[in-house]
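A.B. asks: I'll drop the sequence and a predicted model, then ask my questions.
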Amino acid sequence: MSGAATRQGSNVTQMRARPGAASGKAGVIPPARRAAVVIAMLGEQAARPIVEKLDNASLAQVANELEAVSYLGREELTEIVMDFLQALRAANGSFRGGRERAREIVSSFLDENRADIVFGNVEMPKPQPVSKSSDVWTRLEARKPAVVAAYLSRLTANISAIILRKLDVAFASEVVGHLQEPMLDNTIGYLVGGDDVDAEIEDVVAQMVEIEFLNQAQAEESDGNTNAESVGELLSLLPNHTRARIMSFIRTEHEDKFESIEKVMFTIEGLPEILARQSVPVVFKELGEDTLVPVLATLTGPAQRVQDYLLENISSRLAVQYRDALSDPNRTPVEDPDATQRTFLTTLMSMKRRGLITLEKAPAKTG
């Protein structure tokens, strides 16, 4: 074997430089490659502070430069290191410090204004505290004034005043109108006093309002909506006369729940208003002809418009297929139309809960 392949006392195989790779004097090695070699020679611990300051693009360049070198001799490594040390020592073997030198170095990286701040020539601007509570007050203003007033009545007057100061004046005045004695007088007393409140205290109060009131009210509202939806679905499956009687009772005895229940309640006759057009093909695909033909057969008389709505929102070919099935003289008649429709509505509710279709009354148009 030749000496290029093995060397006495060493089990390291020396590699020849790739074609086009730099070799020889350090001066012909690109600066980026010299930097990459220095980082590699420093080792993990010493080079870590340098590497951590490099962005991804710079690290990729270092890796690419190292890949371009298959072998560098001791002479080239020595010259690279000497070149690196010479740059550190500014070519004169010494380092001059002091205030003027420090400003000279720092000014090369910073603009004049920032340099003045660093060296204390101007007062550093005091950072303004960033309040995290603005969203809380906005959400609080979305609640009913009477409900907010009931919550404030459970607090001390000074805390109540802090909260009212953070609210819009018009909304705050409505809340105050619902406060009772002696809470009203005590709260007004603190408002008149006008004592400044630290931003930190306001943030703490905002956090308290969010935890004690807003989050709790949201949970109660969510539970209420769930109950309303369940009752609405239940009423949707009742016979018309029974449903009308119960809804009359709810309007009288539970007026605050009536609107939310009515919104989610639907009947077979109201499908064109609540079943989205894009959901109709999904219903036909999921249920199929054996299920839907009996349902369509029950949609006659006042409910004829529902059959038309369903067939108008599927493909023409499929609509013809269903109309032919409906007109087939050998079709088995529907024994219990009401039960068939209730089963169909129950299936639609299940599809809604699974997120397959949209069932919701459009908001009433105003004006």
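C.D. replies: Nice, I can see it. Just so you know, these numbers come straight off a predicted model, no measurement behind them.

A.B. asks: Check the model's average confidence along the host helix or strand of Val231 for me.
C.D. replies: Following DSSP states H and E, the helix or strand that holds Val231 is helix 215-236. With pLDDT averaged residue by residue, helix 215-236 scores 61.

A.B. asks: Equivalent analysis for stretch 167-176, please.
C.D. replies: Model confidence over stretch 167-176 averages 84 on the pLDDT scale.

A.B. asks: Check stretch 288-304 too.
C.D. replies: Mean predicted confidence for stretch 288-304 is 93.

A.B. asks: Span of that stretch from start to end?
C.D. replies: In stretch 288-304, first residue to last residue: 20 Å (CA to CA, to the nearest Å).

A.B. asks: buried stuff in it?
C.D. replies: Neighbour counts over stretch 288-304 (16 or more other CB atoms under 10 Å) mark Thr291, Leu292, Val293, Pro294, Val295, Leu296, Ala297, Thr298, Leu299, Ala303 as buried. Where C-beta positions appear, they are placed from N, C-alpha and C, glycine not excepted.

A.B. asks: With stretch 328-340 instead?
C.D. replies: Here stretch 328-340 shows Val334, Pro337, Thr340 as buried, counting by 16+ other CB under 10 Å.

A.B. asks: and that stretch, average pLDDT?
C.D. replies: Averaging pLDDT along stretch 328-340 yields 90.

A.B. asks: Can you dump the C-alpha atoms of that stretch in CSV for me?
C.D. replies: As requested, the backbone C-alpha atoms of stretch 328-340 are provided in CSV (Å, rounded to 0.1, in the frame of the first residue of the first chain):
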residue,chain,number,x,y,z
ASP,A,328,-95.1,3.4,-9.6
PRO,A,329,-98.5,1.7,-9.2
ASN,A,330,-96.9,-1.2,-7.5
ARG,A,331,-95.3,0.9,-4.7
THR,A,332,-96.2,-0.3,-1.2
PRO,A,333,-98.4,2.3,0.5
VAL,A,334,-97.3,4.0,3.7
GLU,A,335,-99.2,2.6,6.7
ASP,A,336,-98.5,5.3,9.2
PRO,A,337,-97.5,8.7,7.6
ASP,A,338,-97.0,10.4,11.0
ALA,A,339,-94.6,7.8,12.3
THR,A,340,-92.7,7.8,9.0
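
A.B. asks: Can you list the neighbours in contact with it?
C.D. replies: The list of residues contacting stretch 328-340 from outside it, by CB atoms under 8 Å, 6 or more residues apart in numbering, reads Pro239, Val293, Pro294, Val295, Ala297, Thr298, Ala325.

A.B. asks: Just the helices from the stretch 151-300 of the chain, written as ranges.
C.D. replies: Taking DSSP state H, counting those that start in this stretch to define them, one finds helices in the stretch 151-300 of the chain at 157-165, 169-177, 183-193, 199-209, 215-236, 240-253, 255-264, 271-274, 280-287, 289-298.

A.B. asks: Now for the closest residue to Val293 other than its chain neighbours, how many residues are close by?
C.D. replies: Sequence neighbours aside, Ala325 is the residue nearest to Val293 in space, at 4.9 Å (criterion: CB to CB, 6 or more residues apart in numbering). For Ala325, the count of nearby residues is 15 (other CB atoms under 10 Å).

A.B. asks: what helix or strand does Ala325 sit in?
C.D. replies: In this structure, Ala325 is located in helix 316-326 according to DSSP H and E.

A.B. asks: Give the next helix or strand downstream of that helix.
C.D. replies: Trace forward from helix 316-326 with DSSP H and E and the next one is helix 337-353.
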